[in-house]
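**Q** I would like to see how this sequence folds:
(one chain, ligands or ions: 2)
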Amino acid sequence: MPTQITPTIDRKLCTRCGKCVSECPTQAVDWIDSFPVITRPMDCTYCGLCEEICPQHAISLYYSISLKKNS
Ligand code: SF4
Ligand code: SF4
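**A** Ligands and ions are numbered 1, 2, ... in the order given. Down below sits the predicted model:
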């Protein structure tokens, strides 16, 4: 089964404003125990919106880095 990469949410920074829950276009984020969690990882399209709109910068997406050899 492939590993699903999802944004990470730092609970220490999160103020529970709810923006990521209400703005995620695919409803991949929901509340669990009063904290936002990627509850439907397969629905996450990795669009980056939650990272962009979080006022606390509590959400991070991993990006792949390609190293290109100069010829
Ligand atoms: S947008 Fe950021 S601060 Fe607001 S609930 Fe989501 S993770 Fe927490
Ligand atoms: S990256 Fe996009 S689809 Fe995934 S949880 Fe964030 S807002 Fe939703």
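**Q** and Trp31, what does it touch?
**A** By CB atoms under 8 Å, 6 or more residues apart in numbering, the contact list for Trp31 reads 21, 37. Placement of C-beta: from N, CA and C, glycine included.
**Q** tell me the pLDDT at it?
**A** In this model, Trp31 is scored at 98, pLDDT.
**Q** so which helix or strand takes in it?
**A** strand 29-32 (DSSP states H and E).
**Q** how about the CA coordinates for that strand, as PDB?
**A** Output of strand 29-32 as PDB, limited to C-alpha atoms (Å, rounded to 0.1, in the frame of the first residue of the first chain):
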ATOM      1  CA  VAL A  29      -9.400  18.200   7.600                       C
ATOM      2  CA  ASP A  30     -11.700  17.700  10.500                       C
ATOM      3  CA  TRP A  31     -11.800  18.100  14.300                       C
ATOM      4  CA  ILE A  32     -10.600  15.400  16.600                       C
END
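**Q** assign a three-state SS to the nearest residue to Cys20 once chain neighbours are set aside, would you?
**A** Excluding the flanking residues, the one nearest Cys20 by CB to CB, 6 or more residues apart in numbering is Cys50, at 4.2 Å. The three-state label given to Cys50 by DSSP: H, G, I helix; E, B strand; the rest coil is helix.
**Q** touching, Cys50 and Cys24? I think so.
**A** Yes. Applying CB atoms under 8 Å, one finds Cys50 in contact with Cys24, separated by 5.9 Å.
**Q** the more surrounded of these two?
**A** Cys50 (25 against 22; other CB atoms under 10 Å).
**Q** for that one, which residues are in contact?
**A** Residues near Cys50 by CB under 8 Å, 6+ apart: 7, 19-20, 23-24, 29, 59.
**Q** contacting residues for Arg16?
**A** Contacts of Arg16 (CB under 8 Å, 6+ apart): 34-36.
**Q** same check, this time on Pro7
**A** 38, 44, 46, 50-51, 59-61.
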